[in-house]
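# Sequence plus the predicted model coming up.
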Amino acid sequence: MSDPAPIALEGKGIVKDYLSSHKPLRVLDGIDLALPRGRFVSIMGASGSGKSTLLHILGGLDWPTQGSVTVAGENIIALGEGPLAVIRNRHIGYIFQHHNLLVEFTALENVSIPWSIYHHDAREASARAEQLLRETGVWERRHHRIGELSGGEMQRVAIARALITEPTVVLADEPTGNLDEVNSMKIVELLRDLCGRRQTAVAMVTHAKALAERCDERWHLAGGKIHLD
């Protein structure tokens, strides 16, 4: 029997409170989770259940009221802004519903930026970006600015950008929310294939049951807790 995959992302006792009408509103209520390398999970739940909040906490973009989040062996909640920025750049890839690409730059430049920031090597960044754009099927559009791309092409560029630093984990928040059903499935299958070959863990927030069923596990967020579907 093969050894279990190393844990890419772990959360323990994650609590998130918001102040509502002068009293705390608990959105996340002591969540424990573990995501092994190479594992693709979906996170589903009703609107307002805390899916995006959880994803932001796991990615070091928001802070829990209590609890810890460990990525690549580091409790990112305990890190200062400088070390946290390094972890986010090197070990966490982000894919958002609205892609968050820089419209003044080309597809190639957008994908290159995370590697350039960490390694200060523009030539290698460009070479890596070109390879990922080939793998995501938009290499021929590499010199086009973002506004010249279709929605599906933009998300392929966003996937390439998320993977260029060979992250430990990719966090995807409704990555197909602006696409039709056919293109949504293509994007999820592409993400699954690319991350599977790299043994990158993926946590994807989605409302689409058909997309969630393509994942290895389905986490359902309700009452501030995660339940396995």
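Great, that's in hand.

# so Leu102 touches Asn110, yeah?
Yes. Leu102 lies in contact with Asn110 (CB atoms under 8 Å); the separation is 5.7 Å. In short, each C-beta sits where N, CA and C put it, glycine included.

# Determine the residues that are contacts of both of the two.
Residues touching both Leu102 and Asn110 by CB atoms under 8 Å, 6 or more residues apart in numbering: Ile146.

# out of those two, which sits in the busier spot?
Ranked by neighbour count (other CB atoms under 10 Å), Leu102 and Asn110 place Asn110 first, with 26 against 12.

# Next, that one: secondary structure please.
Three-state assignment for Asn110 (DSSP: H, G, I helix; E, B strand; the rest coil): helix.

# Distance check, it against Leu132.
Separation of Asn110 from Leu132 (CB to CB, to the nearest Å): 11 Å.

# now the strands for this protein?
Counting by DSSP state E, the chain has these strands, from start to end: 7-20, 23-36, 40-44, 66-71, 74-75, 92-96, 169-173, 201-205, 217-222, 225-228.

# can I get these in TSV with distance to Arg128, mean pLDDT and mean neighbour count?
Formatted as TSV, the strands of the chain follow (distance: least, CB to CB, whole Å; pLDDT from 0 to 100; neighbours: other CB atoms under 10 Å):
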stretch	distance to Arg128	mean pLDDT	mean neighbour count
strand 7-20	21	93	18
strand 23-36	25	93	16
strand 40-44	23	96	23
strand 66-71	21	96	18
strand 74-75	24	94	14
strand 92-96	13	93	22
strand 169-173	16	95	25
strand 201-205	20	96	26
strand 217-222	30	95	17
strand 225-228	34	92	14
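
# Which one, of those strands, ends up nearest to Glu153?
strand 92-96 (14.0 Å; CB to CB).

# what does the lengthiest helix in the chain contact?
The longest helix of the chain (DSSP state H) is helix 181-198. Residues from elsewhere that reach helix 181-198, judged by CB under 8 Å, 6+ apart: 38, 40, 95, 135-137, 151-152, 155-156, 159, 163, 166, 170, 172, 175-176, 179, 200-202, 204, 208, 210-211, 214-215.

# Restrict it to CA atoms and write it as CSV.
Taking C-alpha atoms only, helix 181-198 is exported to CSV below (Å, rounded to 0.1, in the frame of the first residue of the first chain):
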residue,chain,number,x,y,z
GLU,A,181,-22.1,25.1,-18.8
VAL,A,182,-19.9,23.6,-21.6
ASN,A,183,-17.0,26.0,-21.0
SER,A,184,-17.4,25.6,-17.2
MET,A,185,-16.9,21.9,-17.5
LYS,A,186,-13.9,22.4,-19.8
ILE,A,187,-12.3,24.8,-17.3
VAL,A,188,-12.8,22.4,-14.3
GLU,A,189,-11.4,19.4,-16.3
LEU,A,190,-8.4,21.5,-17.4
LEU,A,191,-7.7,22.5,-13.8
ARG,A,192,-8.2,19.0,-12.5
ASP,A,193,-5.7,17.6,-15.2
LEU,A,194,-3.1,20.3,-14.7
CYS,A,195,-3.1,20.1,-10.9
GLY,A,196,-3.3,16.3,-10.9
ARG,A,197,-0.1,16.0,-12.9
ARG,A,198,1.6,18.5,-10.5
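
# What is the burial count for Arg145?
Neighbours around Arg145, by other CB under 10 Å: 16.

# Nice, that's everything, thank you.
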